[in-house]
Each structure stands twice: as structure tokens, then as C-alpha cells.
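Trainee: Sequence first, then the predicted structure, then my questions.
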Amino acid sequence: MAEVVLTGVGKTYAGGVTAVTDVEFTVPDGAFCVLVGPSGCGKSTLLRMIAGLETITTGTVLIGGRVVNAVEPAERDIAMVFQNYALYPHMSVYDNMAYGLRNRGTPKAEIETRVREAARVLELGELLARKPRQLSGGQRQRVAMGRAIVRKPQVFLFDEPLSNLDAKLRVQMRVEIRRLQRSLATTSVYVTHDQLEAMTLADMLVVMNKGRVEQIGAPLDLYRRP
Ligand code: ADP
Ligand code: ADP
């Protein structure tokens, strides 16, 4: 687990578009922070900067006290879950979850223990031999989360992970993510444009508009405010 600290963070793309301006907030150890706001307000850009996938124009991002961009990508202890799942189509569920650990040279027995544990938590135990095409959308999304969980990262980053699912599944997955968060207590930053999803998931809500932070607080505090 690790605190995520943003100080004066801004991003201007090469073309001159300023996507993010002077963002400051701290996600405490183990908290679930949701970035919410309309399309184009800079949420993904901010998340990618936290992930170290995008250069930062101004300010700094610290994860566990270390400046993100000063840490080699392979050393970054971050796992990201995407909207499009990004599963390897030719690999089994087991191998999709094991892939990142194998790349890091994790011992085989340890990989098996972690994959089985994640599969149990995510109710994927019966599906380990299947290929992604043999899974439902919700199951695929759970595999994508499993792949993040097995790494036991310091920080989880989620980029609109539920937006490709139908409404019913989205509600169900919200509950699952919340339950998972309570049991893992890993510091998380989650991006969505869906206000209800944001309210349901967040310990800490960061409301963005036009590249700036408009409000920060616990969901109920923001909700109660006139
Ligand atoms: P959100 O995730 O809230 O929809 P984004 O971070 O994707 O917002 O985009 C914020 C702004 O930055 C938008 O105006 C978008 O067009 C612009 N933008 C995003 N990515 C790029 C890019 N690679 N190059 C130039 N402009 C970009
Ligand atoms: P290798 O080291 O050659 O990848 P493994 O024994 O790790 O061999 O895996 C062989 C295949 O068996 C993998 O492709 C994987 O899909 C499957 N597999 C391995 N362990 C499990 C498991 N615990 N549950 C289901 N499938 C597994």
C-alpha cells in the first residue's frame, strides 16, 4: 500500500491542448479515490500521469514517497485495469492472470498460489482453462481485475473499467469491486464519468471539470452540500 500525492499537476499536450491544470490532492494509504467528471475533463490524462504512462508538464506525482517518473516502468508497483480488458485472446484465463508474474520471474508455485487465490475471490475458479472468447463480458472484466490483483501492487488504477458492460452487470460489478477493495485495502484511483458509480465506490471523490478539480470530499459530504 502507498499514499498517492499530487502537487500542482498539469498537462499540456504537444498540440497545445491543456488537459489538466494545477491538480492537488492526496489519496491516503488504502483509500479508494474516484475521479469523476464529464467526458474530456482530463480524467484519463490525470490517471495516465499517475501511472507514469504520460509525461507530466508541471508538478509532481509521488507514490509511496517516490516520484513516479523517476522510477523505471518495470519497477513501478502499479496495476491498471482498462475498459477494453486488454486480455490476451490466445491465452487461457490462468495464463492471462499469470503472465505479469511470469515476466517478473515469480516462482511457479507462488504464481499458482496467487492465481488460485485471485480466482477464488473473483469466482473464476471453474474458468481457468477457458479462453477470453469463451467468457461473458463480466467474466472478462473479472479476469482483467484478477490480473491486477495477482501482482499485489501498491496501487490499483482503473480507467472506466465497467463502461463496456450492460447496466445490470455494471451494478453487480460495482458491488464486487467494493467488496474486493474492502478485503484488499489497496490504494486505488478509479476514473468514471458515471456519478452513481462514483458515489457507490468512493471513499474519496474528486470532481473534475475542464481540467481542474472542482470538489474533493467523501461522497456523502459532497452530496449533502447545497
Ligand atoms: P476524460 O478522460 O475526462 O474524457 P481526457 O483526459 O481523455 O479526458 O482528455 C482531456 C483533454 O485532453 C481533451 O480535450 C482531449 O481532447 C485532450 N487529449 C487527450 N489525449 C490527448 C492527446 N494524446 N493529444 C492531444 N490531446 C489530448
Ligand atoms: P508452463 O510453465 O509450460 O506454462 P504450466 O504448468 O504453468 O506450464 O501450465 C501449463 C498450462 O496449464 C497453462 O497453459 C495453463 O493454461 C494451464 N494451467 C496451469 N496451472 C493451472 C491451474 N492451476 N489451473 C488451470 N490451468 C492451469
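Mentor: Sure, I can see it. Ligands and ions are numbered 1, 2, ... in the order given.

Trainee: List the buried residues of the longest helix seen in the chain.
Mentor: Identified as the longest helix of the chain according to DSSP state H is helix 167-184. Neighbour-count burial for helix 167-184, counted by 16 or more other C-beta atoms under 10 Å, picks out 169-170, 173-174, 176-177, 180-181, 184. In short, each C-beta sits where N, CA and C put it, glycine included.

Trainee: from the middle of its chain, how far away would stretch 136-153 be?
Mentor: On the basis of C-alpha atoms, centre = their mean, to the nearest Å, stretch 136-153 sits 11 Å off its chain's mean C-alpha point.

Trainee: now for the lowest-mean-pLDDT helix or strand in the chain, which elements pack on it?
Mentor: Ranked by mean pLDDT, DSSP states H and E, the helix or strand of the chain with the weakest confidence is helix 219-224, at a mean of 79. Contact here means 3 or more C-beta pairs under 8 Å, 6 or more residues apart in numbering; DSSP states H and E; on that basis helix 219-224 packs against helix 195-201, strand 204-209.

Trainee: among those, which is nearest residue 188?
Mentor: Residue 188 lies closest, by C-beta to C-beta, to one member of the helices and strands packed on helix 219-224: helix 195-201, at 8.6 Å.

Trainee: need the residues of the chain near ligand 2, please.
Mentor: Within the chain, the positions near ligand 2 by C-beta under 6 Å from any ligand atom are 92, 94-95, 112, 128-129.

Trainee: which among the residues you listed end up buried?
Mentor: Neighbour counting with 16+ other C-beta under 10 Å marks 92, 94-95, 128 as buried within the residues of the chain next to ligand 2.

Trainee: can you redo the buried residues of helix 167-184 as a markdown table with distance to residue 207 and pLDDT?
Mentor: Formatted as a markdown table, those follow (distance: C-beta to C-beta, whole Å; pLDDT from 0 to 100):
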| residue | distance to residue 207 | pLDDT |
| --- | --- | --- |
| 169 | 26 | 83 |
| 170 | 20 | 86 |
| 173 | 22 | 86 |
| 174 | 18 | 89 |
| 176 | 24 | 85 |
| 177 | 20 | 89 |
| 180 | 24 | 85 |
| 181 | 20 | 86 |
| 184 | 25 | 85 |
